[in-house]
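Chemist: Just to be clear, the model below is a prediction. Sequence and coordinates:
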Amino acid sequence: MKPGEMFAHIGSIVASLMFVWAMFKQFFPYQLSNQIEKHSQRLVTLVYPYIQITFHEFTGERLMRSEAYSAIENYLSSKASTQAKRLKADIGKNNQSLVLSMDDHEEVADEFNGVKLWWAYGKHISKSQSTISFHHPMSDEKRYYKLTFHKSNRDLILGRYLSHVLKEGKAIKVKNRQRKLYTNSGAYWSHVVFEHPATFQTLAMDPKEKEMIIDDLITFSKAGEFYARIGRAWKRGYLLYGPPGTGKSTMIAAMANFLGYDLYDLELTAVKDNTELRKLLIETSSKSIIVIEDIDCSLDLTGQRRKKKEEVEEKDQRQKQQGMQEREVKSSQKLDPALVRKGRMDKHIELSYCGYEAFKLLARNYLNIESHNLFGRICELLKETKITPAEVAEHLMPKNAFRDADLYLKSLIQALELAKEDARKSQHDPHWTENDSEDKATEKSTNYTST
Ligand SMILES: Nc1ncnc2c1ncn2[C@@H]1O[C@H](COP(=O)(O)OP(=O)(O)OP(=O)(O)O)[C@@H](O)[C@H]1O
Ligand SMILES: [Mg+2]
């Protein structure tokens with residue numbers, strides 16, 4: 001046996017002994033176990049070729065939970081569920097799945113660049129506290145993770161490996177956290193839990209366009225280092241536009257769910273001036289999407305815009321007197337160039353009327369069917385008629401316990417034929433405007449993704 005191998009062998013025996021000791025010391029009286037541990041530690045350092053680092057749950061004041069500890073906890077959670085034999089289980093944040101973690105004094109191995117290392121989970125219970133807290137035995141434990149590795153790998157582990165663990169652990173934490181939906185009243189944010197079920201799978205739109213948006217989001221979310229290198233803030237602006245009911249809000253929720261980001265729904269009309277706006281923006285957290293809805297309808301921030309607002313109000317008043325609709329006032333306003341100029345809005349995404357591909361996805365989601373003999377007729381009608389995905393969804397929505405796809409598809413066909421007839425009438429008679437005002441009121445919402 002080579003000397004190096006022998007050392008490693010002794011080392012692993014010592015590591016095992018220490019592990020056994022850690023298991024048994026809970027049963028020794030506190031004073032005695034402290035003494036034994038002190039002397040054995042000295043002995044061990046003489047022959048032990050391994051380095052150990054302890055990460056305590058609470059550092060310093062004991063009130064602040066260590067960031068490193070919780071990152072390690074997250075990092076090890078997946079390893080624990082596959083390797084550890086004794087696990088602790090808890091209900092996850094979404095109240096649906098079990099979250100598994102290592103039980104006390106359990107050990108898991110990890111490997112990094114071919115180097116093996118071990119993580120152990122343990123806890124200290126101080127004597128005085130353990131008697132006082134008889135009824136609450138958990139409250140006075142000091143929990144920790146201990147990392148053990150061979151001293152020849154010191155630089156690799158202390159450098160690249162630990163920063164890899166912290167980075168991964170934080171990423172897992174971001175993914176698993178309970179996300180929030182913030183709204184502002186004036187210059188203050190308040191929040192509720194964000195639990196929108198929208199996903200890109202359930203969003204009906206052109207599949208190619210959808211794929212491009214997903215790619216764009218993935219590229220952006222991984223580009224932190226690139227943005228830092230070129231000296232740009234790591235954020236991306238999307239302008240979503242299209243008629244009401246085409247899925248703009250649904251897409252924003254799908255984006256937030258896809259990236260695991262928080263959502264800030266910024267109500268511009270409630271913001272007094274640019275100072276308030278700046279304050280609100282500064283208070284947003286990283287990994288978030290800031291949404292400005294109907295950006296073309298809510299601009300009155302700068303002096304110039306205030307003037308415009310007065311003009312609009314005046315005009316509004318005049319138009320109300322003339323019995324005109326508020327919607328038309330909104331659509332007569334222009335987007336502020338500062339908000340949509342190049343560099344602010346990196347991508348313009350149009351959400352439009354329901355096409356055949358989008359319909360098929362809705363039929364799959366709502367009726368659980370891939371094909372049907374009425375699909376052909378619907379395909380033709382969709383080419384000739386403008387109908388929003390929201391309207392299509394409305395017709396496919398189950399109305400009783402016994403779903404009959406036939407019935408829903410026929411009701412959709414009826415609606416499409418009616419819309420087609422309306423469109424034909426309005427073409428021949430320009431004054432026929434019962435439904436078409438809806439089409440003109442193109443609404444816009446801005447979606448600002450930041451990390
Ligand atoms: N593209 C779509 N895919 C799937 N469902 C959709 C789509 N568009 C609309 N819907 C359905 O219609 C409802 C309304 O859509 P959504 O609120 O996203 O529209 P919007 O474009 O934001 O409208 P508005 O301009 O009025 O805010 C959604 O709850 C969703 O169920
Ligand atoms: Mg919307």
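Modeler: Sure, I can see it. Numbers count the residues shown, from 1 in each chain. Ligands and ions are numbered 1, 2, ... in the order given.
Chemist: any weak-confidence spans in this structure?
Modeler: Where the chain drops to pLDDT under 70, the residues are 1-12, 14-15, 25-26, 28, 61-63, 92-97, 126-140, 296-344, 402-403, 429-451.
Chemist: so which strand or helix has whatever residue of it ends up closest to ligand 2?
Modeler: Nearest to ligand 2, among the residues of the chain, is residue 249, at 3.2 Å (CB to the ion). Bear in mind the C-beta positions are built from the backbone N, C-alpha and C, glycine included. Assigned by DSSP states H and E, residue 249 belongs to helix 248-259.
Chemist: Could you spell out the sheet neighbours of the following helix or strand past that helix, each with its direction?
Modeler: Counting by DSSP H and E, the next helix or strand C-terminal to helix 248-259 is strand 262-266. Strand pairing for strand 262-266, determined by DSSP bridges: strand 180-185 (parallel), strand 288-293 (parallel).
Chemist: how many degrees apart are strand 262-266 and helix 248-259 in direction?
Modeler: Following axes from the mean of the first three to the mean of the last three CA atoms, to 10 degrees, one obtains 150 degrees for the angle between strand 262-266 and helix 248-259.
Chemist: so who does the residue most central in space within the chain touch?
Modeler: Geometric centre of the chain, nearest residue: residue 260, 1.2 Å, by CA atoms, centre = their mean. Listed by CB atoms under 8 Å, 6 or more residues apart in numbering, the contact set of residue 260 reads 174-175, 177, 179, 287.
Chemist: Please report which of the residues you listed has the highest neighbour count.
Modeler: Counting neighbours by other CB atoms under 10 Å, the top entry in the contacts of residue 260 is residue 179, with 21 neighbours.
Chemist: is it true that that one touches residue 258?
Modeler: No. Counting by CB atoms under 8 Å, residue 258 is not a contact partner of residue 179; they are 11.9 Å apart.
Chemist: Give the helix, strand or coil label for the nearest residue to residue 22 once chain neighbours are set aside.
Modeler: The shortest distance from residue 22 to any non-neighbouring residue, by CB to CB, 6 or more residues apart in numbering, is to residue 105 (5.3 Å). Using DSSP: H, G, I helix; E, B strand; the rest coil, the structure places residue 105 in coil.
Chemist: ok, residue 105 - contacts?
Modeler: By CB under 8 Å, 6+ apart, the residues touching residue 105 are 19, 22-23, 120-122.
Chemist: Mind doing that once more with 7 Å?
Modeler: Neighbouring residues of residue 105 by CB atoms under 7 Å, 6 or more residues apart in numbering: 22-23, 120-122.
Chemist: Likewise for residue 347?
Modeler: Residue 347 neighbours (CB under 7 Å, 6+ apart): 216, 238.
Chemist: ditto for the one 10 residues further on
Modeler: Contacts here follow CB under 7 Å, 6+ apart; on that basis residue 357 touches 206-207.
Chemist: What's the separation between it and residue 211?
Modeler: Noted for residue 357: a distance of 12 Å to residue 211, by CB to CB, to the nearest Å.
Chemist: now do residue 406
Modeler: Using CB to CB, we find residue 406 at a distance of 32 Å from residue 211.
Chemist: nearest residue to residue 206 other than its sequence neighbours?
Modeler: Leaving aside its sequence neighbours, residue 206 sits nearest to residue 357 (CB to CB, 6+ apart; 6.0 Å).
Chemist: hmm, the helix holding residue 249 touching ligand 1?
Modeler: Yes. Counting by CB under 6 Å from any ligand atom, ligand 1 is contacted by helix 248-259 at 248-250.
Chemist: quick check, nearest of the residues you listed to residue 44?
Modeler: residue 250 (60.3 Å; CB to CB).
Chemist: so how many other residues sit close to the closest one?
Modeler: Burial measure for residue 250: 23 neighbouring residues, criterion other CB under 10 Å.
Chemist: thought it was touching residue 201?
Modeler: No. Residue 250 lies out of contact with residue 201 (CB atoms under 7 Å); the separation is 11.9 Å.
Chemist: Checking my notes, residue 168 in a helix, right?
Modeler: Yes. Applying three-state DSSP, one finds residue 168 inside a helix.
Chemist: So it is in contact with residue 75, correct?
Modeler: Yes. Counting by CB under 7 Å, residue 168 touches residue 75, with 5.1 Å between them.
Chemist: So those two - more neighbours on which side?
Modeler: In this view residue 168 and residue 75 are compared by other CB under 10 Å, and residue 75 has more residues nearby, 23 against 15.
Chemist: That one: which element?
Modeler: Using DSSP H and E, residue 75 sits within helix 67-83.
Chemist: in that helix, what's buried?
Modeler: Within helix 67-83, the residues that qualify as buried are 68-69, 71-77, 80-81, 83, counting by 16 or more other CB atoms under 10 Å.
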